[in-house]
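Asker: coords below, sequence missing:
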């Protein structure tokens, strides 16, 4: 298959879009969509979403009429998922050529404790609801809202992590959630051969989440390792990692359902 030069007349749904990697994805996607495209930007922070919307309206795509819908929502609630799906349906048109869902929203959970301390089912279920259940249900809702049809390309992306395939001491919630999300997408790829499915691990990003990792990790060696990466300038910028993600999408040669790490590309 020949590489793509752009994402087409796209409907892009990006969760966790208000800051960090999600915000960068939105800005980079805006550079490679055709006129008539639409973005649905999702986060809990409405103010940050609106500032991103203002930035995007000043881009070439924005000046060409890019539709931008901000959805301030808690994805841990069914009502939040429904609002996202409804917004996507409202901005899509019969001319939409490519539906892209980027599942970027997620949280670390309590990384200060070890596995044997998690005896409260309510706490664990709450974490999994926000980070796994909502991820699965939103993906399913978007796929139902935009079924396969001639002329429509569909791509779903899970922002994954090395933690999906490697255990990190004191990170049981995060590692379990990321591993579950990867498997959801592996199953989805097996079920839907016409769908493009990607688990992308962006590498160690210099974000607020990384700051939390090096200051709160219960495992002393892990905390030290993250601190050294930061002090030695080994963390990646969101822009660096997004370049690799865009390369994957444009070349479109990845195996559907695969886990692809920044360092694999």
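Answerer: Cool, the structure landed. Since the structure is predicted, the reported quantities are computational estimates derived from the model, not experimental observations. Numbering: from 1, shown residues only.
Asker: For the protein, which segments count as strands?
Answerer: 10-15, 38-43, 67-72, 98-103, 153-159, 196-201, 258-261 (DSSP state E).
Asker: Would you convert those strands into JSON lines that also reports mean pLDDT, mean neighbour count and distance to residue 211?
Answerer: Just so you know, the C-beta spots here come from the backbone N, C-alpha and C atoms, and that holds for glycine as well. Listed next are the strands of the chain as JSON lines, based on pLDDT from 0 to 100; neighbours: other Cβ atoms under 10 Å; distance: least, Cβ to Cβ, whole Å:
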{"stretch": "strand 10-15", "mean pLDDT": "98", "mean neighbour count": "26", "distance to residue 211": "21"}
{"stretch": "strand 38-43", "mean pLDDT": "98", "mean neighbour count": "26", "distance to residue 211": "18"}
{"stretch": "strand 67-72", "mean pLDDT": "97", "mean neighbour count": "19", "distance to residue 211": "24"}
{"stretch": "strand 98-103", "mean pLDDT": "98", "mean neighbour count": "24", "distance to residue 211": "22"}
{"stretch": "strand 153-159", "mean pLDDT": "98", "mean neighbour count": "22", "distance to residue 211": "18"}
{"stretch": "strand 196-201", "mean pLDDT": "98", "mean neighbour count": "24", "distance to residue 211": "19"}
{"stretch": "strand 258-261", "mean pLDDT": "98", "mean neighbour count": "18", "distance to residue 211": "22"}
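Asker: so which of those comes closest to residue 238?
Answerer: strand 153-159 (11.0 Å; Cβ to Cβ).
Asker: any idea how far the nearest residue to residue 256 once chain neighbours are set aside is from residue 112?
Answerer: Nearest non-adjacent residue to residue 256, counting by Cβ to Cβ, 6 or more residues apart in numbering: residue 189, 4.3 Å away. Residue 189 is 35 Å from residue 112, where distance means Cβ to Cβ, to the nearest Å.
Asker: which one of the two has more residues nearby?
Answerer: The neighbour count for residue 189 versus residue 112, taken as other Cβ atoms under 10 Å, is higher for residue 189 (19 against 15).
Asker: right, and that one touches residue 199 too?
Answerer: No - assessed by Cβ atoms under 8 Å, residue 189 is found out of contact with residue 199, at 9.3 Å.
Asker: Now list whatever residues contact both of the two.
Answerer: The contact sets of residue 189 and residue 199 overlap at residue 257 (Cβ atoms under 8 Å, 6 or more residues apart in numbering).
Asker: residue closest to the middle of this structure?
Answerer: residue 104 (2.0 Å; Cα atoms, centre = their mean).
Asker: contacting residues around the helix or strand of the chain with the lowest mean pLDDT?
Answerer: The weakest-scoring helix or strand in the chain, judged by mean pLDDT, DSSP states H and E, is helix 60-63 (a mean of 83). With contact meaning Cβ under 8 Å, 6+ apart, helix 60-63 is reached by 30, 31, 33, 35, 37, 56, 57, 68.
Asker: switch to 6 Å and redo it
Answerer: Here helix 60-63 makes contact (Cβ atoms under 6 Å, 6 or more residues apart in numbering) with 30, 33, 56.
Asker: From residue 259, how far off is residue 101?
Answerer: From residue 101 across to residue 259, the span is 17 Å (Cβ to Cβ).
Asker: Now do the same contact list for residue 245.
Answerer: Counted by Cβ under 6 Å, 6+ apart, residue 245 has contacts residue 200.
Asker: Can you give me the pLDDT of it?
Answerer: The model reports residue 245 with a pLDDT of 98.
Asker: So what touches the biggest helix by length in the chain?
Answerer: Longest helix in the chain by number of residues (criterion: DSSP state H): helix 172-191. The contact list for helix 172-191 (Cβ under 6 Å, 6+ apart) reads 108-109, 115, 127, 131-132, 135-136, 158, 160-161, 163-164, 167-168, 197, 199, 256-257, 259.
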